[in-house]
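S.K.: pasting a predicted model and its sequence here:
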4 protein chains.
Amino acid sequence: MTLDNMPYSLNSRKVAEATNEWLEKRGVKVEEIAELVMLLQSKYYPELTMEECIHNVKQVLKKREVQNAVITGIQLDILAEEGKLISPLQDMIKHDEGLYGVDEVLAFSIVNVYGSIGFTNYGYIDKLKPGILEKLNDKNDGHIHTFLDDIVGAVAASASSRIAHRKQAEREEELGGYPVRDDMEEIMEIEK
Amino acid sequence: MTLDNMPYSLNSRKVAEATNEWLEKRGVKVEEIAELVMLLQSKYYPELTMEECIHNVKQVLKKREVQNAVITGIQLDILAEEGKLISPLQDMIKHDEGLYGVDEVLAFSIVNVYGSIGFTNYGYIDKLKPGILEKLNDKNDGHIHTFLDDIVGAVAASASSRIAHRKQAEREEELGGYPVRDDMEEIMEIEK
Amino acid sequence: MTLDNMPYSLNSRKVAEATNEWLEKRGVKVEEIAELVMLLQSKYYPELTMEECIHNVKQVLKKREVQNAVITGIQLDILAEEGKLISPLQDMIKHDEGLYGVDEVLAFSIVNVYGSIGFTNYGYIDKLKPGILEKLNDKNDGHIHTFLDDIVGAVAASASSRIAHRKQAEREEELGGYPVRDDMEEIMEIEK
Amino acid sequence: MTLDNMPYSLNSRKVAEATNEWLEKRGVKVEEIAELVMLLQSKYYPELTMEECIHNVKQVLKKREVQNAVITGIQLDILAEEGKLISPLQDMIKHDEGLYGVDEVLAFSIVNVYGSIGFTNYGYIDKLKPGILEKLNDKNDGHIHTFLDDIVGAVAASASSRIAHRKQAEREEELGGYPVRDDMEEIMEIEK
């Protein structure tokens, strides 16, 4: 295949990098998402470390489906902040309108990738809004995070699902079994 | 159209009646689902009555998509109770296996019908398990409600979404507006 | 309730009107969506009229969940046309990148509202791209409709589901039954 | 962790093996699903081999979310064949009732795991019903495959998505880039 066949070509690394950069620019650290994961999972896995939580959040953020949702959501937040959206979309996103559910829709496209067992964690954390989610919901700092708070909750719920799958595999191994290592549970040797 | 064209014919009333009967047989009263709705919505609408909650639960239960999920889920619970499922499905449903997510999948097919704003309520209530949900989760009474507890939570979340949509319409009317009464917000004169 | 309680208030009529206006501005007529519905449903209901198809498309477009998706999708299309999105989102939407699936995610939030029976129709029509969908996919007219073509397909699929539900109710009535008229099947007396 | 902590323990290998065994017992070969994948993807990747299609189908079948849907769906098909379901569920599944959408719901829980780009392929193939799907839909052989045909279509659509993601990574590598190998695109050294 030559360049001639490709008038446009996706660069997956750029998408991955933009995801990480925009999360940081918008005030979200991987560690803060990992704290949400710890909150959700520590009672099930008392030995769970922050390092593991961080690792799993990073793995979730490598999925293109997740990256697409993160970038699109942040883009809409930024445009609402700048007042550049058409009416009445501008107002609905600016005020985090309860009957506007596209933010939840994007969040769910993230959760879905790690399966239905993440649905509950997402809803729970989105309602309680601990840690970084509370910060993102502070309407008084001039920022609009209508999409981002749901997206961060979804990434945390997804990382929780990922951990649940992997812990099961570890448990079966300890019991002398031969767990099936599916796409979700593979050992990633190299990380960004 | 004559009967000749229809070797089999769905009877929607039978599906609706089976839904209500099986919920009752499995120990779930409409009032108990309505209590979950009240729990979820009373802080947003302090004037909300139990009568309204009951009405909205009943309307949700009239949707065929909801009925399909209710009957299918209860069927799987019953078969698990009777030990009639193939291995390892039998064990996974019997023990409400955390990595078996088909119960959440069915629950979500209910929530989806009333839109994404119900996602959060579903997850929240499914985690907290108040009222009837706690009762359904009691593993010591010989019953298996792996599907039913998620389904009941989903019906409550859906009724909450339905209320949110209708309350908005009422609010706009009070303000002298002419809200669009969509499929979701119509006034139903006749109830079963 | 007084205005004091409401620093911001959603005006559902404005959202509904903006939906219709933006669809028209972007070159989509209700009749053209109705033609897709006819294409999908005429073989199941030979007596189906364009009037019915138009009616059902209009009813689908009254749902807020649908309106939210329509307006958000068109907004992203317009911003991509104007080159105002952040990189690499700009490129992905401009080129309708195959691995960017947020357009499908929004489309699915529409289909979901009318239940899972619409999934197949959506995928089928989105692949074949007949009528208006072909026009929207013409990359040579300067317009970007990355979101809109999926959304239009989703509205057509939803209207098809709506028709399937209502036709069943009609059939049962003809047979002398008393079908359950749920939220989805109510008779709407007043239309915009 | 000791066995004392685990009154019940999931054995993931058993779930994986049951998935493969039940597919075979119900008349579905991995090769036949792979043929659907080839049909969906060969025009985009002319060099695609059956071996690659088979590999990707096998990888999809290793996901627990997929396994759960496969086993649950086949279970309901079998029970309908044996006439053991409660009325009216028995009739709806037996006759593949158009307004019963739980089969599509299960199918979608499979597609979702590989992201929204699979939605279209699923709908398309489910409508056309080529190859094995036609065979599964033959109502005259005494078997009921109401769930299985949708599930097989969903596995094929998912494998197609998986291929699309991996082919992109290969393309970027050929161009001298350093694509991000996410969970979905990892190199699996060991296969069952």
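M.R.: Right, received. Where do you want to start?

S.K.: now name the helix or strand holding the residue positioned nearest the centre of chain A.
M.R.: In chain A, the residue lying closest to the centroid (Cα atoms, centre = their mean) is A:Val155, at 2.2 Å. Secondary structure from DSSP states H and E places A:Val155 in helix A:146-174.

S.K.: quick check: buried residues in that helix?
M.R.: A:146-169, A:171-172 (16 or more other Cβ atoms under 10 Å in any protein chain shown). Quick note: C-beta positions are derived from backbone N, CA and C, even for glycine.

S.K.: hang on, the earlier thing: let me see the contact set for the residue nearest to the centre of chain A.
M.R.: Contact analysis of A:Val155 by Cβ atoms under 8 Å, 6 or more residues apart in numbering or on different chains lists A:33, A:57, A:60-61, A:66, A:70, A:110.

S.K.: how about the nearest residue to A:Glu52 once chain neighbours are set aside, what does it touch?
M.R.: In this structure, A:Glu52 finds its nearest non-sequential neighbour in A:Ile163, 7.0 Å apart by Cβ to Cβ, 6 or more residues apart in numbering or on different chains. Applying Cβ under 8 Å, 6+ apart, we find A:Ile163 in contact with A:37, A:41, A:45, A:48, A:52-53, A:56.

S.K.: what's the farthest-apart pair in the residues you listed?
M.R.: Maximum pairwise distance among those (Cβ to Cβ): 11.4 Å, between A:Tyr45 and A:Asn56.

S.K.: more neighbours: the two, which one.
M.R.: A:Asn56 (25 against 15; other Cβ atoms under 10 Å in any protein chain shown).

S.K.: could you check how many residues crowd around A:Asp103?
M.R.: Under the neighbour criterion other Cβ under 10 Å, A:Asp103 is assigned a count of 28.

S.K.: ditto for A:Glu51
M.R.: For A:Glu51, using other Cβ under 10 Å, the count is 9.

S.K.: look up how far chain C lies from it.
M.R.: Computed as Cβ to the nearest Cβ, to the nearest Å, the A:Glu51 to chain C distance reads 30 Å.

S.K.: which intervals of chain A have sub-threshold pLDDT?
M.R.: Residue ranges of chain A with pLDDT under 70: A:1-7, A:181-192.

S.K.: so who does the spatially closest residue to A:Ile74 that is not a sequence neighbour touch?
M.R.: Using Cβ to Cβ, 6+ apart and skipping residues adjacent in sequence, the residue nearest A:Ile74 is A:Trp22, 4.8 Å away. Shown in contact with A:Trp22 (Cβ under 8 Å, 6+ apart): A:70-71, A:74, C:86.

S.K.: quickly find the element holding A:Trp22.
M.R.: Short version: A:Trp22 belongs to helix A:12-25, going by DSSP H and E.

S.K.: tilt between that helix and helix A:146-174?
M.R.: 110 degrees (axes from the mean of the first three to the mean of the last three Cα atoms, to 10 degrees).

S.K.: buried stuff in helix A:12-25?
M.R.: For helix A:12-25, by 16+ other Cβ under 10 Å, it's A:12, A:15-16, A:18-20, A:22-23.

S.K.: can you pick the most crowded of the contacts of A:Val155?
M.R.: Going by other Cβ under 10 Å, A:Ile110 tops the contacts of A:Val155 with 30 neighbours.

S.K.: which ones are touching A:Phe147?
M.R.: Contacts of A:Phe147 (Cβ under 8 Å, 6+ apart): A:72-74, A:76-77, A:93, A:102-103, A:106.

S.K.: at 7 Å what do you get?
M.R.: A:73-74, A:76-77, A:103, A:106 (Cβ atoms under 7 Å, 6 or more residues apart in numbering or on different chains).

S.K.: what's the closest non-adjacent residue to it?
M.R.: A:Phe147 sits nearest to A:Gly73 (Cβ to Cβ, 6+ apart), 3.2 Å away.

S.K.: quick one: stretch A:87-106 near chain D?
M.R.: No. Applying Cβ under 7 Å from any Cβ of the partner chain, one finds stretch A:87-106 separated from chain D by no less than 10.6 Å.
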